[in-house]
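Novice: coordinates only, sequence not included:
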C-alpha cells in the first residue's frame, strides 16, 4: 500500500488542479443581439444565421439559469410576470421605456391599465414576440436588449493587458488597456442595504446566464458572497443604486466586455476620493459580513493584529484582534467596531 501512496497523492493533486480550472465558454450567437454581432464581425465578413431559424441550444452553454437564481443569489430578484390588471413597482420604468420610444403616452403608473397593455402589445408585435400583453420573460429580454452605450461596438483592444475600474461615485465602469482608459460604460450599483463590495478583486468565472442577470455574468472573487458584473433586463436601473450588490450593465455592453476580458482580469471597485473616511460607518460585531468588515480586517492586518487574509466575515479571530487593539489604545474592550475604534484603525467617521 505504501508503494502506491505517491501515485494516489499525485492523482489527488491532478484532480484538484482540474477541479479549479475555470470554465471559459466559447462564443455563441444570440439572435436578439444581432446588431451587436453584425458590427462586431464586420471586418470578418461573417455570415450571420437567420434570427428566426438559428439552431441554438442554450442548454449546451448555460451554466446558471434563471431557475437557479434563488440559490445563486438569494437577495436578487427575478423579473415579475405582469398581466393586464396587475400592479407592479416595475411598471413605471417599463412605461417610461415605452414612452421614450413612442409606444405610450399615458401616466407612469404602477397599475397595468388598458392603455399600457395596448402599448406593450404594439412593442411585442414590432419585436416579433407573442402579442398577448403579458410582460413575461421574452418581453423583459427584448426591453433589456434595447439599451446600449454608444458607440455600442468598439474594436477589441489589441493588448491582453486589461483591467477594470469601477467608480461607485460616478456609477461608471472603465476598461483600461495597458493602463490607459479604453472605454467607459454606465452601470447600476448596489443599494445602501446591499452595497457593492469595495476592494481589489479578480474575475474568476465567465458565465452564460439569463433572466435578471442578462446574457452574461463575470464573477468576482469576493469571499463573502456571489458578486459579479452582469447584464440586466431592467435597463432603467442603470446609473442608479438598485442591485443586491452586483454591478449591472446594459445587455449589449456586458456582451462586449465579456468578449474582451478573461479569467484573472483585475477589477478595482472604488467608492470615492475619501476611501478611509465616511459619514456612515456601520457598527460591526461577530456575524457581520461585507465590505466594511473587509476594510477593518485589512487595517488590522496592516497594523499587525491579524495574520490571516481579510475575508469580509467578522468571526472570533477578528473579534479577538479588535479586543487586543482596544486594550492597547485604552478603549472599552467590547470586540465591537464603532466610533473611536474606527479612528484608531485609521478609518475615520465624520460627525
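Specialist: Everything's here; your move. Everything numeric in this text was worked out from a predicted model, so none of it was measured. Numbers count the residues shown, from 1 in each chain.
Novice: now do the contacts for residue 243.
Specialist: 76, 188, 189, 190, 191, 194, 196, 237 (Cβ atoms under 8 Å, 6 or more residues apart in numbering). C-betas here are computed from N, CA, C, even on glycine.
Novice: which one of these is nearest residue 218?
Specialist: residue 196 (13.6 Å; Cβ to Cβ).
Novice: can you pull out the helices in the stretch 151-300 of the chain?
Specialist: With DSSP state H, counting those that start in this stretch as the definition, the stretch 151-300 of the chain shows helices at residue ranges 251-260, 291-302.
Novice: for the first one, buried residues please.
Specialist: Using 16 or more other Cβ atoms under 10 Å as the burial criterion, the residues of helix 251-260 that qualify are 251, 252, 253, 254, 255, 256, 257, 258, 260.
Novice: before we move on, what about stretch 302-322?
Specialist: 305, 306, 310, 311, 312, 313, 314, 317, 318, 319, 321, 322.
Novice: which residues are in contact with that stretch?
Specialist: Applying Cβ under 8 Å, 6+ apart, the contact partners of stretch 302-322 are 197, 222-224, 284-291, 293-294, 296-298, 300-301, 324-325, 335-337, 341, 345.
Novice: name the SS class of the closest residue to residue 113 other than its chain neighbours, please.
Specialist: For residue 113, the nearest residue in space outside its immediate sequence neighbours is residue 106; the separation is 6.9 Å by Cβ to Cβ, 6 or more residues apart in numbering. Following DSSP: H, G, I helix; E, B strand; the rest coil, residue 106 is assigned to coil.
Novice: how many other residues sit next to residue 106?
Specialist: Other residues near residue 106 come to 14 when the count uses other Cβ atoms under 10 Å.
Novice: distance of it relative to residue 140?
Specialist: With distances taken as Cβ to Cβ, to the nearest Å, residue 106 is found 21 Å from residue 140.
Novice: for residue 260, give its distance to residue 183.
Specialist: Distance of residue 260 to residue 183, computed by Cβ to Cβ: 9 Å.
Novice: anything in contact with each of these two?
Specialist: Listed contacts common to residue 260 and residue 183 are residue 175; contacts here mean Cβ under 8 Å, 6+ apart.
Novice: what's residue 108 sitting at in phi/psi?
Specialist: phi -90, psi 90 (degrees, to the nearest 10).
Novice: any idea which of the contacts of residue 243 has the most stuff around it?
Specialist: The most crowded member of the contacts of residue 243, judged by other Cβ under 10 Å, is residue 189 (27 neighbours).
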